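> generate coordinates for the sequence data below:
(2 chains)
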Amino acid sequence: MAEQYVGPPYRYQKRSTMALDKPYLDVPGTTVFDTDQAAKGYHLNQFAMSLMRAENRERFKADPDACLDECPMTGEQKQAVRDRDFNRMIELGGNIYFLAKIGATDGLDYVQIVSSMTENDADAHTEMMLNGGRSPDGNRYLHEWQHERERD
Amino acid sequence: MARITASVYTSHVPAIGVAMDLGRTETPYYAPLFAGYRPAREWMADNTPDVVVLVFNDHANAFSLEMVPTFALGMSARYEPADEGWGARPVPPVVGHPALSAHIAHSVIREDFDLTLVNDMPVDHGCTVPLSIMFGQPDAWPCRVVPLVVNVVQYPVPSGRRCLELGKAIRRAVERFDEDLDVQVWGTGGMSHQLQGPRAGLINQPWDNRFLDRMVDDPEGQAEVEHVEYVREAGSEGIELVMWLVARGAMADLAGGGAPTEVHRLYHVPASNTAVGQLVLEDAPA
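Numbers count the residues shown, from 1 in each chain, chains lettered A, B, ... in the order given. Here you go, the predicted structure:
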């Protein structure tokens, strides 16, 4: 169970009555960054945003723990940043355009950052893209991935 | 009076800007793409407008999570290229048209489009890469720009219908502006791509090509397509394509005029993680 995030700008709680329509929840391997994710990830994303400034990038490279400790992120979010686990950061409310600034600080480009979330390394990902990218076939609905897992 | 002369549609992949900035456009990876851009650049050299209303999304550069405006209109005389984490792009500042911005704001807000008005913002690759694609590497951009920033990052994002209707309102605003100006509207972003999660790298060529067809022939139909179809079929970041509908809404055929003339179309896979599309439509006023 993920720890509950409480803090500015507003309180995030798992609601028992979910009146919102979220048809995108059944797309596999995909987290749509919505207002609930944004509430969870507020401080994580704002931390990443601080890396737009060159002096903050230098400071983070020199002393990552000091920078992370100043930020009111959850412990899980800080660990995901330390691990450079982009899938975990996204699960915990991060958005790729914010998180890319963490990758940029490490000198990574978008292909390197993006491929780290997939089964491929950057070279294999580039090769896949040159061959037309990942097909939508078999990748549209959660149940298609569940069948895949049952076969394995 | 001001007039809409054309609409331009283009992906705004940051790597395309990097390829130009680092002189890599003739590498085997990029040469076919930049050869594909040549006809649109030649057309643009003969049809450079006075002002571009440039529709794009900010990628966590002008706006943090402190504020998430759905539609934000730039009101400034000048916009600086943003440092997105890799250092700012070595491209000229973007020169605005404050009087036209003020006129558009006055006109479309009174038609119930609740724009956020922004007096000070940097512009990221969403704005500068389309300028580079269409104009190359000049010392100064050859036209002024009114930036219109659409939230397609944090859901809920505006519907395709809302985007198309805003484009129609922008046309009405431009046609009432009392200065003799040629104005183009550019819709940017897309095409299919997904930058996050284990499904990253998704490309859907049949869907993209149908989208290009419908942008020409059936924008009203495309405006009814739900967000979830974009996510499922064109990837989580493919939702950027709703911004093309703002530009399409500004064409005359949706205001009783003639159908636009398609003067250029390009589809190319890949640039970095993304399918690249480009479309140029000349307006056909009644």
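
> and for residue B:247, the neighbour number?
By the measure other Cβ atoms under 10 Å in any protein chain shown, the count of residues near residue B:247 is 31. The way it works is simple: take the backbone N, C-alpha and C, and place the C-beta from them, glycine included.

> list the contacts of it.
B:7, B:8, B:9, B:55, B:167, B:185, B:186, B:187 (Cβ atoms under 8 Å, 6 or more residues apart in numbering or on different chains).

> quick one: which of these sit in helices?
The helices, defined by DSSP state H, take in residue B:167 from those.

> what distance do you get for residue B:95 to residue B:51?
10 Å (Cβ to Cβ, to the nearest Å).

> overlap in contacts of those two?
Taking Cβ under 8 Å, 6+ apart as the contact criterion, the residues that touch both residue B:95 and residue B:51 are B:144, B:145.

> more neighbours, these two?
Per other Cβ under 10 Å, whichever of residue B:95 and residue B:51 has more neighbours is residue B:51, with 23 against 15.

> list the contacts of the more buried one.
So residue B:51 contacts B:2, B:97, B:100, B:143, B:144, B:145, B:146, B:181, B:182, B:183, B:184 (Cβ under 8 Å, 6+ apart).

> any idea how many residues pack against the fourth one?
Read that as residue B:143. Quick note: residue B:143 (other Cβ under 10 Å) scores 22 neighbours.

> wait, it sits on residue B:45?
No - under the criterion of Cβ atoms under 8 Å, residue B:143 makes no contact with residue B:45, lying 11.9 Å away.

> follow-up on the earlier one: closest to residue A:53 out of the contacts of residue B:51?
Minimum distance to residue A:53 across these is 25.1 Å, recorded for residue B:145 (Cβ to Cβ).

> could you find the closest non-adjacent residue to residue A:66?
Spatial nearest neighbour of residue A:66, chain neighbours left out: residue A:59 (7.8 Å); criterion: Cβ to Cβ, 6 or more residues apart in numbering or on different chains.

> against which helices or strands is the helix or strand in which that neighbour is found packed?
Here residue A:59 sits within helix A:54-62, counting by DSSP states H and E. Applying 3 or more Cβ pairs under 8 Å, 6 or more residues apart in numbering or on different chains; DSSP states H and E, one finds that helix A:54-62 contacts helix A:64-70, helix A:96-105.

> dump those helices to JSON lines, plus mean neighbour count and mean pLDDT.
Listed next are those as JSON lines, based on neighbours: other Cβ atoms under 10 Å in any protein chain shown; pLDDT from 0 to 100:
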{"stretch": "helix A:64-70", "mean neighbour count": "13", "mean pLDDT": "95"}
{"stretch": "helix A:96-105", "mean neighbour count": "24", "mean pLDDT": "97"}
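
> and the residue of chain A that's closest to chain B?
residue A:133 (2.7 Å; Cβ to the nearest Cβ).

> please look at that residue and residue B:202 and confirm they touch.
Yes - here residue A:133 lies in contact with residue B:202, judged by Cβ under 8 Å, at a distance of 6.3 Å.

> next, show the common contact partners of the two.
residue B:192.

> so between the two, which is more surrounded?
residue B:202 (29 against 24).

> that one pairs with what?
residue A:134 (DSSP bridges).

> with residue B:281 instead?
On the basis of DSSP bridges, residue B:281 is bridged to residue B:7, residue B:262.

> residues contacting it?
Residue B:281 touches B:6, B:7, B:8, B:9, B:216, B:248, B:251, B:260, B:261, B:262, B:263, counting by Cβ under 8 Å, 6+ apart.

> of these - the most surrounded one?
Neighbour max across those (other Cβ under 10 Å) = residue B:9, 31 neighbours.

> excluding its backbone neighbours, what's nearest that one?
residue B:279 (4.1 Å).

> so where do the helices sit in the chain?
With no chain named, the answer covers chain A. A:35-40, A:42-50, A:54-62, A:64-70, A:75-83, A:86-91, A:96-105, A:110-115, A:122-130, A:142-151.

> not what I meant, chain B
B:14-21, B:31-46, B:98-110, B:125-135, B:160-175, B:205-217, B:219-222, B:227-234, B:244-249.

> tell me what residue B:149 is bridged to.
residue B:56, residue B:72.

> right, and it touches residue B:115 too?
No - the pair residue B:149 and residue B:115 fails to qualify as a contact (Cβ under 8 Å) at a distance of 9.9 Å.

> give me the common contacts of these two.
Common contacts of residue B:149 and residue B:115 (Cβ under 8 Å, 6+ apart): B:71, B:72, B:73.

> so what's the residue nearest the centre of chain A up against?
Centroid check for chain A by Cα atoms, centre = their mean gives residue A:90 as the closest residue, at 2.0 Å. Contact analysis of residue A:90 by Cβ under 8 Å, 6+ apart lists A:31, A:33, A:96, A:99, A:117, B:196, B:197.
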